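S.K.: After the sequence you'll find the predicted model.
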Amino acid sequence: MGKKVEEMSEKEREALLKQILQDLKQILSENRYLHSVSTMKKAKELAKIYQQNEQIVMLTAVAHDIAKEMTKEEFFAYAEKNKIPLEEFDTQEKVALHGKIGADIVAKKYGFSKEMQDAIYYHTTARANMTMLDKIIFLADKTEERREGEDAEKLRTILQEEGLDEAILWDIDYYTIPRMIAKERLLHVNSIQARNAILAKKKKIEEAKEKN
Ligand SMILES: [Fe+2]
Ligand SMILES: [Fe+2]
């Protein structure tokens, strides 16, 4: 592994982005590659709106699904070799694994920081007290222009009109949870904790308003 992203100049980060795009073209199917590029574009848009470092956001966004097309066997082999602790959940639901494994790959291969790793790690489940980067990656993934359908449309509207937290809350409550229940799939505790944390924060803000 070379330099850490935090220590890179703007030019070096630009070169890294190009490198990652090239790598992803090899690793991913065309569809997933295009999704990754679209997620990067959407994330860049959000980085502007929410005044975040655009390069950091774009690098994280483009690489978020780097491990998505690994097989179950490859996930477990990678986890064992790289000593990544797995939970009971991971053996039954593959979905969060690509975030976990992806977060490890980007640190070792591209020098991504802990903050960038976390945003990839939690992009499928969300988590309590998400960072701005976590939120942008989570939502860019779900609202990028290639996502079609009523749910994606609705999420885009909420994101635009009500902001990041409301969009994440809506996604968990009205998209993720109902869909998982309908399919009799497991819910990750991180998703529940994410919604609880957003609700608690909302309540605090409302209480503070009432006092004034
Ligand atoms: Fe993903
Ligand atoms: Fe994705």
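M.R.: Okay, I see it. Ligands and ions are numbered 1, 2, ... in the order given.

S.K.: so what secondary structure elements neighbour the longest helix that the chain contains?
M.R.: Longest helix in the chain, counting residues (DSSP state H): helix 189-211. Applying 3 or more Cβ pairs under 8 Å, 6 or more residues apart in numbering; DSSP states H and E, one finds that helix 189-211 makes contact with helix 164-170. For every residue, glycine as well, the C-beta is placed using N, CA and C.

S.K.: Centre of the chain to the helix it packs on, how far?
M.R.: Offset of helix 164-170 from its chain centre (Cα atoms, centre = their mean, to the nearest Å): 14 Å.

S.K.: quick one, what contacts residue 37?
M.R.: Contacts were defined as Cβ atoms under 8 Å, 6 or more residues apart in numbering; by that measure residue 37 touches 21, 62.

S.K.: Ligand 2 contacts on the chain?
M.R.: With Cβ under 5 Å from the ion as the criterion, the chain comes near ligand 2 at residues 65, 141.

S.K.: Quick check: which ranges of the chain have low pLDDT?
M.R.: 1 (pLDDT under 70).

S.K.: just so I have it, where are all the helices in it?
M.R.: Counting by DSSP H, the helices of the chain are 10-27, 30-49, 54-62, 72-81, 88-92, 97-110, 114-121, 132-143, 150-162, 164-170, 177-182, 189-211.

S.K.: what inclination does the third one have with respect to helix 132-143?
M.R.: Pointing back at helix 54-62 there. On the basis of axes from the mean of the first three to the mean of the last three Cα atoms, to 10 degrees, helix 54-62 is oriented at 50 degrees to helix 132-143.

S.K.: got a list of what residue 111 touches?
M.R.: Neighbours of residue 111 in contact, by Cβ under 8 Å, 6+ apart: 1, 2, 3, 4, 5, 8.

S.K.: Nearest to ligand 2 among those residues?
M.R.: Closest approach between those and ligand 2, by Cβ to the ion: residue 5, at 20.1 Å.

S.K.: show me the contacts for the closest one.
M.R.: Contact analysis of residue 5 by Cβ under 8 Å, 6+ apart lists 13, 16, 56, 59, 110, 111, 112, 113, 116.

S.K.: I figured the fourth one was touching residue 15, is that so?
M.R.: No: using Cβ atoms under 8 Å, residue 59 makes no contact with residue 15, being 11.1 Å away.

S.K.: Who has more neighbours out of those two?
M.R.: Set side by side, residue 59 and residue 15 show more neighbours around residue 59, with 24 against 12, by other Cβ atoms under 10 Å.

S.K.: From residue 141, how far out is the more buried one?
M.R.: 15 Å (Cβ to Cβ, to the nearest Å).

S.K.: just residue 102 next, same as before
M.R.: For residue 102, the distance to residue 141 - Cβ to Cβ - is 12 Å.

S.K.: quick one, which of those two is more surrounded?
M.R.: Neighbours were tallied for residue 102 and for residue 141 using other Cβ under 10 Å; the higher tally belongs to residue 102 (23 against 20).
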